[in-house]
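S.K.: All I have is the shape, not the residue letters:
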C-alpha cells in the first residue's frame with residue numbers, strides 16, 4: 001500500500017510538471033531568432049511582453065510572467081540575451097528589437113499588447129510606445145534617463161499617450177515626476193510601492209510586495225482584455 005501511495009504521488013507530481021510545461025512554448029521573431037517563452041491564455045487574450053534581463057533576475061521574470069498568466073493574460077517572457085544586449089545598444093536599436101518582439105506576439109494572438117519593463121528596459125518600453133501604436137499600455141518599474149544625451153528621454157516621452165503604470169521607490173518620486181511631467185494625468189498611475197531596487201520587491205512576501213502586485217493587478221484589470 002505504501003509503495004502504491006508513493007507511486008501515486010510521483011505520478012501526480014509528474015502530471016503537474018507536464019501540464020505546466022505544456023502551457024509554454026518557445027516563440028521566434030520574424031527572422032528566426034528566439035523571442036522568448038510563451039505563457040498562453042488563449043489566442044484572443046491580451047499579452048504582456050515581460051522584459052527582465054538575466055543580469056537583473058531571471059527568477060523575477062518567470063514570476064511576473066506566471067502571475068500575469070494566472071490573471072488570464074498571455075505573457076511573452078523575452079529572451080534574456082536580447083534584453084541584456086540593450087546595455088550597450090543605442091536607444092533606437094533597442095526600440096527596433098522590441099518592435100520585433102511585438103511582431104512575434106501579433107502572430108500568436110489578436111489581443112492587445114502591453115509591455116512590462118524594468119529599469120533600462122522600462123525606458124525602452126515607454127519610448128517605444130510613442131512610435132509603435134500596437135503597444136497599448138506599459139507597466140514600468142523604475143524607468144530613468146539611461147540613454148544619452150541628457151534629457152532625451154523626458155523629451156521623447158512628451159508624446160506618450162497610452163495608459164502607463166510606473167512603480168518606483170518613494171525616494172525617486174520627484175525624479176519620476178520630472179521624467180513624465182508631460183504625461184496626461186488621466187493615463188498615468190504612479191505607485192511608490194517599491195521598497196527595494198528593481199524587481200526585488202515583487203519577489204517578496206510582505207506588505208510592500210502585496211501593494212505592488214495590487215497596483216499591477218488593478219492596472220491590468222482596467223487595461224487588458226482576457
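M.R.: Nice, thanks for sending it over. Since the model is a prediction, treat every value here as computed from it, not as a measurement. Numbers count the residues shown, from 1 in each chain.
S.K.: On the pLDDT front, check residue 60 for me.
M.R.: Listed pLDDT for residue 60 reads 88.
S.K.: Let me know the helix or strand that it is in.
M.R.: When elements are assigned from DSSP states H and E, residue 60 belongs to helix 54-70.
S.K.: Pull out the buried positions in that helix.
M.R.: Neighbour-count burial for helix 54-70 flags 56-57, 60-69 (criterion: 16 or more other C-beta atoms under 10 Å). (Glycine included, C-beta is placed from N, CA and C.)
S.K.: same check, this time on stretch 91-104
M.R.: Neighbour counts over stretch 91-104 (16+ other C-beta under 10 Å) mark 91, 94-95, 97-98, 101-104 as buried.
S.K.: for that stretch, the distance to its chain's centre please.
M.R.: What separates the centre of stretch 91-104 from the centre of its chain is 14 Å, taken as C-alpha atoms, centre = their mean, to the nearest Å.
S.K.: Which residues does that stretch contact?
M.R.: Here stretch 91-104 makes contact (C-beta atoms under 8 Å, 6 or more residues apart in numbering) with 27-31, 35-36, 49, 51, 76, 78, 82, 85-86, 89, 113, 115, 124-125, 127-128, 131-132, 134-135, 147, 152-153.
S.K.: that older thread, can I get the buried residues of stretch 91-104 in TSV including pLDDT?
M.R.: Listed next are the buried residues of stretch 91-104 as TSV, based on pLDDT from 0 to 100:
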residue	pLDDT
91	97
94	97
95	98
97	96
98	97
101	97
102	97
103	96
104	95
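S.K.: Now, these that are in helices?
M.R.: 91, 94-95, 97-98, 101-104 (DSSP state H).
S.K.: so where do the helices sit in the protein?
M.R.: Using DSSP H, helices in the chain cover 2-22, 54-70, 80-85, 91-106, 120-128, 152-156, 173-179, 207-223.
S.K.: looking at these, which is closest to residue 139?
M.R.: Closest approach to residue 139 among those is made by helix 207-223 (6.2 Å; C-beta to C-beta).
S.K.: any idea of the mean pLDDT for the closest one?
M.R.: Regarding helix 207-223, the rounded mean pLDDT is 95.
S.K.: Also stretch 32-48?
M.R.: 94.
S.K.: Thanks again, I'm all set now.
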